[in-house]
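Novice: attaching a predicted model along with its sequence, questions to come.
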Amino acid sequence: MIEDSISLSRSVVILLGIVCCRLTVLGQIPDPDLGLRAQWMRGTWGINWKPVDTDNGKAETLSIDPFLHQIKEVKTIDYIQVHLNESYTGSPVHLGPHDLLESFWQGDTDRNGNPVNLVVPRKDSGVDPFLNLLLRVRAAGLKTQVYVNCSNMLLRWKSGRRVPPPKAHPDITERWKNWCDTNAQAQAFINSRHYHSDVNWPERHYMFCYAEFVLKQYAVRYGDRIDAWLFDSGRMMYQYNGDSRSSGILDEQRLYQAFTDAVHAGNPDAAVAFNNGQGSGDMVNNPWAPATLFDDYMFGHPFAGGKHLGDHPKNYFSLIWLADRNGYVHTRDGKMQTWDDMVVGHFDPPMSTSGWNRGKNPALTDEEFVDWYSTAILGGGAVSLGMPLRSTNDWDNLLAADWALQQVRLLDAYLVENQSPDAPNWARQETVLPSAHAGQAYCHTLTDGVDFWSPGGGGITSLSTVARGTPPAWLAISQSKSEPGTWILSGTPTETEPTQYTFRIRAKDSTGRTDRTVELQVLTN
């Protein structure tokens, strides 16, 4: 929610922009809602949590709980970036079960009897690690941004030569291609649109098949548990398979459309971004890549490969550009005039000098870290911080490196005081209320300093439901007499059938008030 993450005055600017955007783009592009799905990302930040080597059954015991416990006291974080598949050469490896992808395994093992070519968790394990990640992140009060690398099944060429496959799944690419080339359903799909194939781009049809038969199935399964999609390796569209990243012509962006349509089949409100590189590097013109017709927000890959981030002034310049335009990186002179004006600026940097999930050396000093990213967040954009982990493939040690956690805490402390200084702040993106049961007394507490806080330090003076939305008639909110700063939601549900309530709770302090939309489910069995 916009009002949950940025100040009221900024919300007014956003709403005016939305109206302007709708008036300008209707009838001009395929999707008049471009950018609007990413409004919740404005003024937010998240952490990119990235385990690796999850193939061949190892993902079946993966858990994010230790990491979420490690960051439980971080108040201003809004989302977690989780990876549906691995990066680049690991892109065939997916964290969710999938019948088609598992069929490529065929029981292959190495000389020690360990599985190879198993790129998904086994269906008969009864575990969906990716669903578990999404559920645990949401239970922690955070939204989810899902990373997908478009080098799917290693359909990528480099300097005219195919990148060699990893030893863990050497045959997956050819098995995937063979299925697309021989399966009757796949062939019918490929032949259903003229733009699915192109003799000049011999692997183009495999990309469309991935969107239709792999990505869409995942998106439908996970539905609105996914709030945003982040597609890496956009070169697979515009450099290797025939689309254009900048033409703004629908017939030249059909792969982008296919991937977007696939994920919107599961949640039409999910925001979408593609990594199409960077924009101008001259420190004068727009440093952000062009938006396609399907980018609600920008991927925001740093300049110079992201390593040694602070040594490249173009990276900081990108954040200044973002802040100067209230988070909308494609506005012209600060004015909303064209179809891409509502596309939200988002930066996806590593925290270390080595990579997005590892490294012992900070890319920025503590002072730079707080300055850079508070500039972007308070400027109306979003930042996803690539968190160095103590280990990347030891499930018991997928925790933030100590120095990285310290930088995150410094940023959080700064935002606690400065993100919305003139009104109460609600922690994280979501306030999760446990389900109620008909006929059973309900009791849930919200605590000042944990679930919300007053930046001025005076404390919350009242908590109440407001007219917008319909809270349960039986629900009461009262302040604990024995525990100052604790507010109690209580009552006994009287519903006779399952009911989902959506309503708002208002926190007040001496300087102002802020509303938070919440959901409460009443169960009858």
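Specialist: Looks like it arrived, so ask away. Residues are numbered from 1 along each chain as shown.

Novice: and stretch 208-217, average pLDDT?
Specialist: The average pLDDT within stretch 208-217 is 98.

Novice: off-centre distance for that stretch?
Specialist: For stretch 208-217, the gap between its own C-alpha mean and the chain's C-alpha mean amounts to 19 Å (CA atoms, centre = their mean, to the nearest Å).

Novice: so what's the residue nearest in space to the middle of the chain up against?
Specialist: Nearest residue to the geometric centre of the chain (CA atoms, centre = their mean): Q145, 1.3 Å. With contact set as CB atoms under 8 Å, 6 or more residues apart in numbering, Q145 has these partners: 46, 79-82, 227-230, 384. Quick note: C-beta positions are derived from backbone N, CA and C, even for glycine.

Novice: quick check, nearest of the residues you listed to Q521?
Specialist: D227 (19.1 Å; CB to CB).

Novice: quick check: closest non-adjacent residue to that closest one.
Specialist: Once flanking residues are discounted, D227 sits nearest to K143: 4.2 Å by CB to CB, 6 or more residues apart in numbering.

Novice: related to what we said a few turns ago, in helices only, show me the contacts of Q145.
Specialist: The helices, defined by DSSP state H, take in nothing from the contacts of Q145.

Novice: which one of the residues you listed has the most neighbours?
Specialist: Greatest neighbour count in the contacts of Q145, by other CB atoms under 10 Å, goes to A228: 29 neighbours.

Novice: for that residue, give the beta-bridge partners.
Specialist: With DSSP bridges as the criterion, A228 is bridged to Q145, A271.

Novice: if I look at it, how far off is A168?
Specialist: 29 Å (CB to CB, to the nearest Å).

Novice: ok, now Q440?
Specialist: 50 Å.

Novice: who's more crowded, those two?
Specialist: Neighbours per residue (other CB under 10 Å) separate Q440 from A168, with A168 holding more: 21 against 10.

Novice: before we move on, what SS does the more buried one have?
Specialist: Here A168 is recorded as coil under DSSP: H, G, I helix; E, B strand; the rest coil.

Novice: what count of nearby residues applies to the closest residue to it other than its chain neighbours?
Specialist: Among residues not flanking A168 along the chain, D55 sits closest, at 5.1 Å (CB to CB, 6+ apart). Neighbours of D55 under the rule other CB under 10 Å: 24.

Novice: got phi/psi on D55?
Specialist: Dihedral pair for D55: phi -80, psi 180, per degrees, to the nearest 10.

Novice: again, but for E102
Specialist: With angles defined as degrees, to the nearest 10, E102 sits at phi -70, psi -30.

Novice: would you confirm that it contacts N117?
Specialist: No. Judged on CB atoms under 8 Å, E102 makes no contact with N117 at a distance of 9.9 Å.

Novice: more crowded one of the two?
Specialist: Neighbours per residue (other CB under 10 Å) separate E102 from N117, with N117 holding more: 22 against 18.

Novice: show me what contacts the more buried one?
Specialist: 104-106, 108, 168-172, 175.

Novice: run the last query once more with 7 Å
Specialist: For N117, the contact set (CB atoms under 7 Å, 6 or more residues apart in numbering) comprises 104-105, 108, 169, 171-172.

Novice: tell me which of the residues you listed is nearest to A436?
Specialist: Using CB to CB, these come closest to A436 at W105, 43.8 Å.

Novice: relative to R175, how far out is that closest one?
Specialist: Counting by CB to CB - W105 and R175 are separated by 9 Å.

Novice: next one: Y79
Specialist: The spacing between Y79 and R175, counted by CB to CB, is 35 Å.

Novice: L475 too?
Specialist: For L475, the distance to R175 (CB to CB) stands at 55 Å.

Novice: cool, and R221?
Specialist: For R221 relative to R175 (CB to CB), the value is 22 Å.

Novice: neighbour-wise, which of W105 and R175 wins?
Specialist: Just comparing W105 and R175: by other CB under 10 Å the higher neighbour count belongs to W105, 21 against 18.

Novice: and for the closest residue in space to that one that isn't next to it in sequence, the neighbour number?
Specialist: Nearest non-adjacent residue to W105, counting by CB to CB, 6+ apart: L118, 4.5 Å away. Other residues near L118 come to 25 when the count uses other CB under 10 Å.

Novice: isn't L118 up against K58?
Specialist: No. At 9.4 Å, L118 does not count as touching K58 under the criterion of CB atoms under 7 Å.

Novice: what pLDDT does L23 get?
Specialist: 35.

Novice: same check, this time on A304
Specialist: What the model reports as pLDDT for A304 is 89.

Novice: nothing else from me, thank you.
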